[in-house]
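Student: Generate coordinates for the sequence data below:
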Amino acid sequence: MDESDSEIKMSSDGQNEPEKTKISAQGEPIKEFSLDLDEDGIWRTGPYSNKFSVKTMKDIIENCVTSSNLTDFRLPVFSEPSVKFAKFRNEDHKLCDGLSWWKTTNGRKIRPRPRKIEYDGCSYRYYNCINPNDDAFKKFEIYPEKEEFFFVVYVSQNGRMDYDVLKSSKPNRLTEAECQLIHRSLKGRTVKGAFEDLKSGALNFSTRQIRNQMKYQPDCVKSKRGRVSVTTPESLASFGTENGFRLFSSDNQFGAIYLDSDTLNLYMNSLPTKQTVLEYRKLLTGCEDWTSEEVNDFLSCYSPTANSGIIKHMAGQLQIDSTFDLSDCVVTTISGDIGDFTSRCSGKIRHVLLGFMISSSKNALNHKSFAREIDDFFLQVDPMRKKSIPSLMTDGEESFKYYSKMKYLEDTQVLRCLVHRRNNLTFIQSKKNISQSDLNKIFGRQIGDEVENGIFNVMSSEAMEAEIVKCNFAPALKKWLLDRKEDLFSTHSLRSRLMAGLLLNYESN
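Tutor: Numbers count the residues shown, from 1 in each chain. This is a model prediction of the structure:
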């Protein structure tokens with residue numbers, strides 16, 4: 001092989017630069033490979049070159065007239081930019097110099113791979129090793145085939161080597177000032193967020209260094225969400241550049257709305273048709289006059305095929321709720337039952353989040369904006385209104401009236417959560433003089449295996465009024481219930497829940 005046309009490049013940038021003669025520490029250039037051993041008795045010295053050619057390999061092989069035991073190995077001492085080379089006897093175990101040798105590609109560590117070269121009729125296998133902590137320091141290992149020795153070559157562009165830095169891939173220990181920089185960047189951010197923030201300021205810290213400082217910054221985000229929690233109206237503004245979010249502002253109110261189109265499409269596809277809902281509700285025609293036996297017969301007919309207390313083909317309840325005093329912002333969520341999907345373990349109908357609104361307050365105008373967005377999406381997906389949402393469950397806030405007035409929900413049975421209603425009454429017990437016994441009479445209770453039904457287990461408004469009058473309530477509580485009789489019957493009664501396709505283990509007495 002011609003020596004001039006076979007070169008093994010040693011520069012990391014891949015550029016072909018003209019070979020330069022380096023000046024030694026004594027001011028004299030190293031011009032040739034030396035036969036003389038260094039003071040350590042192992043290594044020899046040659047001139048530095050940014051290329052490793054066949055000619056260089058020839059000079060190394062010809063000048064290594066003696067060999068050393070691998071057990072005597074020690075790292076060479078550099079006093080100027082040069083090449084250090086030596087020959088070792090092959091003792092059936094790999095050379096381990098304690099340094100790190102790999103290159104990083106797309107975040108992955110790639111170990112040196114063997115390559116082959118022919119010289120003077122002999123085949124050689126060599127490894128081009130790069131240190132990840134110093135691009136100016138390299139190593140070549142050359143193994144002749146069918147020989148009992150091999151060559152090791154170190155090349156350094158620097159005059160002196162600090163092997164302590166090269167022995168580990170870990171960065172140097174952080175100073176106190178560097179730790180403070182990381183702590184400030186971690187405040188309100190995840191590790192990834194702090195890494196990007198520091199990187200934008202030309203500060204090169206590894207994610208491991210930043211992660212190790214998390215325990216010293218209590219205000220960092222200790223999760224993999226990749227986003228700081230939104231707890232103030234100011235941080236809410238950051239959603240303005242995100243896809244899928246719509247910001248709105250009116251009457252000094254500020255908020256952001258997000259609807260998950262993929263999940264909403266699944267929800268819409270799983271809804272019962274309007275015809276299915278109408279045919280089911282026709283079965284309840286005249287139910288106000290049913291006897292207890294007729295009510296129980298109806299419940300017994302549908303109970304065997306019900307799932308999670310929901311009559312078959314009537315799944316699709318929509319639920320809306322808001323947070324209270326959890327942060328400076330208010331989060332309103334919309335979720336629904338997807339009847340086509342059930343949980344793997346229990347087989348219950350899946351209930352999933354469909355969207356949310358983050359607003360600066362519970363102002364009714366915010367809910368009006370959210371309701372309009374939801375309604376527009378429903379009408380866009382199903383403009384002919386062939387599907388029907390069986391029921392809408394809310395906690396009865398006055399500002400939630402906009403959701404029940406959505407065009408797409410004209411045939412939807414609006415219900416109120418019994419848990420919210422009971423909690424609200426419990427909260428004002430002292431003002432209304434409501435006892436625990438009165439709450440049990442209103443909402444019912446379970447004693448062992450027996451269920452004691454409350455005033456809502458009725459099929460007509462008149463029947464509920466009779467239950468209220470019959471109960472021994474305090475006059476103020478009785479008046480409060482009678483004044484809200486129609487609203488309570490519409491949102492809590494057995495008839496309303498059956499119209500929504502909900503059984504909920506009711507049994508009429």
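Student: contacts and neighbour counts: CA atoms only from here.
Tutor: Will do.
Student: thinking Phe88 is in contact with Val65, fair?
Tutor: No. Under the criterion of CA atoms under 8 Å, Phe88 makes no contact with Val65, lying 11.0 Å away.
Student: what's around the nearest residue to Ser461 once chain neighbours are set aside, how many residues?
Tutor: Computed as CA to CA, 6 or more residues apart in numbering, the closest residue to Ser461 that is not its neighbour in sequence is Phe489, at 6.1 Å. Counted with other CA atoms under 10 Å, residues neighbouring Phe489 total 24.
Student: my read: Phe489 touches Glu465, true?
Tutor: No. Using CA under 8 Å, Phe489 makes no contact with Glu465, being 9.3 Å away.
Student: which residues touch the lengthiest helix in the chain?
Tutor: Determined from DSSP state H, the single longest helix within the chain is helix 364-381. Residues outside helix 364-381 that contact it (CA atoms under 8 Å, 6 or more residues apart in numbering): 250, 253-255, 257, 259, 265, 268, 357, 359, 385, 398-400, 402-403, 406-408.
Student: ok, Thr263 - contacts?
Tutor: Here Thr263 is in contact with Leu354 (CA under 8 Å, 6+ apart).
Student: what's the helix or strand for it?
Tutor: helix 261-270 (DSSP states H and E).
Student: Send over that helix as PDB, restricted to the C-alpha atoms.
Tutor: Once non-C-alpha atoms are left out, helix 261-270 reads as follows in PDB (Å, rounded to 0.1, in the frame of the first residue of the first chain):
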ATOM      1  CA  SER A 261     -60.500  17.000  20.200                       C
ATOM      2  CA  ASP A 262     -59.400  13.400  20.000                       C
ATOM      3  CA  THR A 263     -61.000  12.400  23.300                       C
ATOM      4  CA  LEU A 264     -64.100  14.500  22.600                       C
ATOM      5  CA  ASN A 265     -64.500  12.700  19.200                       C
ATOM      6  CA  LEU A 266     -64.300   9.300  21.000                       C
ATOM      7  CA  TYR A 267     -66.900  10.600  23.500                       C
ATOM      8  CA  MET A 268     -69.200  11.800  20.700                       C
ATOM      9  CA  ASN A 269     -68.900   8.500  18.800                       C
ATOM     10  CA  SER A 270     -69.900   6.500  21.900                       C
END
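Student: Buried residues, that helix. List them.
Tutor: 263-264, 267-270 (16 or more other CA atoms under 10 Å).
Student: Format those as TSV; extra columns: pLDDT and distance to Asp340.
Tutor: Output for these, formatted as TSV (pLDDT from 0 to 100; distance: CA to CA, whole Å):
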residue	pLDDT	distance to Asp340
Thr263	88	12
Leu264	91	13
Tyr267	92	9
Met268	93	11
Asn269	92	9
Ser270	92	6
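Student: And stretch 289-303, what's buried?
Tutor: Buried residues in stretch 289-303 (16+ other CA under 10 Å): 295, 299, 303.
Student: Among those residues, which one sits closest to Ile60?
Tutor: Ser303 (89.5 Å; CA to CA).
Student: In contact with the closest one, which residues are there?
Tutor: 309, 311, 503.
Student: Apart from its neighbours in sequence, what residue is nearest the second one?
Tutor: Distances taken as CA to CA, 6+ apart put Gly501 closest to Ile311, at 5.2 Å, once the chain neighbours are dropped.
Student: pLDDT wise, what is that neighbour at?
Tutor: Per-residue confidence (pLDDT) for Gly501: 89.
Student: Pretty sure Met314 is one of the things it touches, is it not?
Tutor: Yes. Gly501 is in contact with Met314 according to CA under 8 Å; the separation is 5.5 Å.
Student: Need the residues touching each of those two.
Tutor: With CA under 8 Å, 6+ apart as the test, Gly501 and Met314 both reach Pro390.
Student: Now Asp219: closest residue in space, sequence neighbours ignored.
Tutor: Closest to Asp219 by CA to CA, 6+ apart is Lys187, at 5.1 Å.
Student: who are the neighbours in contact with the one you found?
Tutor: 217-221.
Student: Now tabulate the buried residues of helix 261-270 in JSON lines and tack on distance to Asn204.
Tutor: JSON lines is the format used below for the buried residues of helix 261-270 (distance: CA to CA, whole Å):
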{"residue": "Thr263", "distance to Asn204": "40"}
{"residue": "Leu264", "distance to Asn204": "43"}
{"residue": "Tyr267", "distance to Asn204": "47"}
{"residue": "Met268", "distance to Asn204": "49"}
{"residue": "Asn269", "distance to Asn204": "50"}
{"residue": "Ser270", "distance to Asn204": "51"}
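Student: Point out where the stretch 251-400 of the chain drops to low pLDDT.
Tutor: 251, 324-327 (pLDDT under 70).
Student: contacting residues for Ala194?
Tutor: 182, 185-186, 210.
Student: Let's see which of those residues end up in helices.
Tutor: Those of the contacts of Ala194 lying in helices (DSSP H): 182, 185-186, 210.
Student: and which of these is nearest to Asn69?
Tutor: Ile210 (43.5 Å).
Student: mind checking pLDDT for the closest one?
Tutor: 88.
Student: ditto for Tyr119
Tutor: 81.
Student: Ok, the one 3 residues further on next?
Tutor: Each residue has a pLDDT score; the one for Cys122 is 85.
Student: Also Ala237?
Tutor: So, for Ala237, pLDDT stands at 60.
Student: before we move on, what about the one 4 residues further on?
Tutor: Thr241 is assigned a predicted lDDT (pLDDT) of 56.
Student: got a list of contacts for the longest strand along the chain?
Tutor: Ranked by residue count and defined by DSSP state E, the top strand of the chain is strand 330-342. Contacts to strand 330-342, defined as CA under 8 Å, 6+ apart, come from residues 266-267, 270-271, 313, 315-324, 348-362.
Student: Which of those residues fall within strands?
Tutor: Of the contacts of strand 330-342, the ones assigned to strands by DSSP E are 318-322, 349-359.
Student: Of all pairs in those, which one spans the longest distance?
Tutor: Going by CA to CA, the pair spanning those furthest: Ile349 and Ser359, at 30.2 Å.
Student: Looking at the two, which one has more neighbours?
Tutor: Ser359 (25 against 20).
Student: List the residues that contact that one.
Tutor: The contact partners of Ser359, by CA under 8 Å, 6+ apart, come to 233, 253-256, 329-331, 366.
Student: 7 Å - rerun?
Tutor: 254-256, 329-331, 366 (CA atoms under 7 Å, 6 or more residues apart in numbering).
Student: Great, nothing more from me.
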